[in-house]
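got a structure for you, letters missing:
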């Protein structure tokens, strides 16, 4: 869904996610989600 919205491939999305995980020193998308909620970055 992200790739379609940004008109990029799934592989490119995965590379960006991998880089974000490394920058945030996190190991999974679940950890990113928890971090986002703790930081008040979630929508909902």
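Cool, the structure landed. Model, not experiment: these values are computed from the prediction.

Where do the helices of this protein begin and end?
Assigned by DSSP state H, the chain shows helices spanning 2-6, 10-24, 29-39.

Now mean pLDDT too, for these, in JSON lines please.
Output for the helices of the chain, formatted as JSON lines (pLDDT from 0 to 100):
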{"stretch": "helix 2-6", "mean pLDDT": "94"}
{"stretch": "helix 10-24", "mean pLDDT": "95"}
{"stretch": "helix 29-39", "mean pLDDT": "92"}
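
need those in CSV with mean neighbour count, can you?
Quick note: C-beta positions are derived from backbone N, CA and C, even for glycine. Shown next, in CSV, are the helices of the chain (neighbours: other C-beta atoms under 10 Å):
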stretch, mean neighbour count
helix 2-6, 11
helix 10-24, 12
helix 29-39, 12
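
Just want to check the distance between residue 10 and residue 42.
Per C-beta to C-beta, to the nearest Å, residue 10 is found 23 Å from residue 42.

repeat for residue 25
20 Å.

can you check residue 33 too?
Relative to residue 42, and taking C-beta to C-beta, residue 33 is found at 8 Å.
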